[in-house]
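Q: With the sequence up front, the predicted model follows.
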Amino acid sequence: MKLKDLGERKIIEILEDSSENLDNRDDCAIIDFGNYYALLSTDLITRETHLPEGTEPFLAGKFFAAINLSDIAAMAGIPSGFLISLSVSPEYDISYLKEFYRGVRHELDKFNVSIIGGDTKEGSDFTAAGTIIGKQVPELIRRRSEIKPGQFLMVTNSLGSSAAGYIYYMYGINRELGISKMLDVEPRINEAIKISASGAKFMMDLSDGVYASIHQISTDFGVGFKLYGDKIPFDRDVEKAASISNFSVSDIALSFGGDYELMFTVEKNSLEEFMAAMSHENIEVHCIGETYNGDNVIYDGRAWVPVINKGYEHFNSMPLNK
């Protein structure tokens, strides 16, 4: 069976059948050093798949660093080192690599992270693979397995920015703005640590979007989600993107992914105290649902309806997988 007939999550499930570590379903692998945990993750980009035509190498490098850092943020970790491996065609100009690395360093410098190694090989186009290393004390590490029924579901900031950018780009409305909204993302490193310290439980980033994420968590841990469809914080460009495309506002905000915001839970009896802490830290968070024993549903303003949209998935020819 071809990969396009399986989708990313099914491919991983098949490969994990022969893995030694079936319990690690978090954004990072964990190595227990007693007083602290080491966090390790890897992510890659290719020019053809991840970088729209016209993307400046500086922004490409910034994006590449940010998506790797976001995996550390997803577990409330502190990033400490970054390794880069490149596969590059010899036809590329050295100026492209210099600007790419300048973008990488620009993003890493925000969090005092250094490039500590890597490799460069000749290839047919441009592929960059990163390995991010971080750490955190055990009590502040956030795990996906902390998801339980009876919690409120939260997100940082607003959703749908990257998807709106994709629509702007694909429909030729404003390609420059579209590229910026897709790639100029920020890992929520500092916010995640404060959110964790203020009582958050389950946590992950939204690289694949809300629908894909809740589907994955429901499959892995057997917990259902009730999404408050009338409480979703939309990016300011979502409504315009919906008006020029065939996608609804909720599809754009919840299906596409690429925002790299945090999704997490808090216990229902601690919401008021948690929101007060977020206000004090000047961190924007929104309650978009709750967890329960049941199927994934969303309130559409009139009734609770099933969530049948599984969101974005690599290798799947249907971006929204409806």
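A: Happy to help now that I have it.

Q: What residues sit buried inside stretch 182-191?
A: In terms of neighbour count (16 or more other Cβ atoms under 10 Å), stretch 182-191 has its buried residues at 182-183, 185-189, 191. In short, each C-beta sits where N, CA and C put it, glycine included.

Q: and if you look at stretch 288-300?
A: Under the neighbour-count criterion of 16+ other Cβ under 10 Å, stretch 288-300 has 288-292, 296-298 buried.

Q: and what of stretch 38-55?
A: Residues of stretch 38-55 classed as buried: 38-41, 43-45, 47, 50-52, 55 (neighbour count, 16+ other Cβ under 10 Å).

Q: How far does that stretch sit from its chain's centre?
A: What separates the centre of stretch 38-55 from the centre of its chain is 12 Å, taken as Cα atoms, centre = their mean, to the nearest Å.

Q: Equivalent analysis for stretch 269-282, please.
A: Mean C-alpha position of stretch 269-282 versus that of the full chain (Cα atoms, centre = their mean) differs by 23 Å.

Q: Could you measure from the spatially most central residue of the chain over to residue 25?
A: Residue closest to the average C-alpha location in the chain (Cα atoms, centre = their mean): residue 207, at 2.2 Å. Counting by Cβ to Cβ, to the nearest Å, the gap from residue 207 to residue 25 is 15 Å.

Q: How about residue 62?
A: Going from residue 62 to residue 25 by Cβ to Cβ gives 28 Å.

Q: Show the contacting residues for the closest residue to residue 76 other than its chain neighbours.
A: Once flanking residues are discounted, residue 76 sits nearest to residue 196: 3.6 Å by Cβ to Cβ, 6 or more residues apart in numbering. Taking Cβ atoms under 8 Å, 6 or more residues apart in numbering as the criterion, residue 196 is in contact with 76, 140-142, 203.

Q: Among these, name the ones in strands.
A: Of the positions in the contacts of residue 196, residue 203 sit in strands, assigned by DSSP state E.

Q: got the contact list for the helix or strand where residue 291 lies?
A: Applying DSSP states H and E as the criterion places residue 291 in strand 285-292. Strand 285-292 is contacted by residues 147-156, 195, 210, 223-228, 231-233, 265, 268, 271, 275, 278 when judged by Cβ under 8 Å, 6+ apart.

Q: Can you tell me which of the residues you listed are buried?
A: Among those, those scoring as buried are 147, 151-156, 195, 210, 223-227, 232-233, 265, 275, 278 (criterion: 16+ other Cβ under 10 Å).

Q: now, which of those residues lie within helices?
A: The helices, defined by DSSP state H, take in 195, 210, 275, 278 from those.

Q: Next one: the residue lying closest to the second one once chain neighbours are set aside from residue 298, what distance?
A: Meaning residue 210. Using Cβ to Cβ, 6+ apart and skipping the chain neighbours, the partner closest in space to residue 210 is residue 254 (4.3 Å). Distance, residue 254 to residue 298, using Cβ to Cβ: 8 Å.

Q: Identify the contacts common to those two.
A: Common neighbours of residue 254 and residue 298 (Cβ under 8 Å, 6+ apart) are residue 227.

Q: The buried residues of stretch 38-55: which two are farthest apart?
A: Distance extremes for those: the farthest pair is 38 and 52 at 34.7 Å, using Cβ to Cβ.
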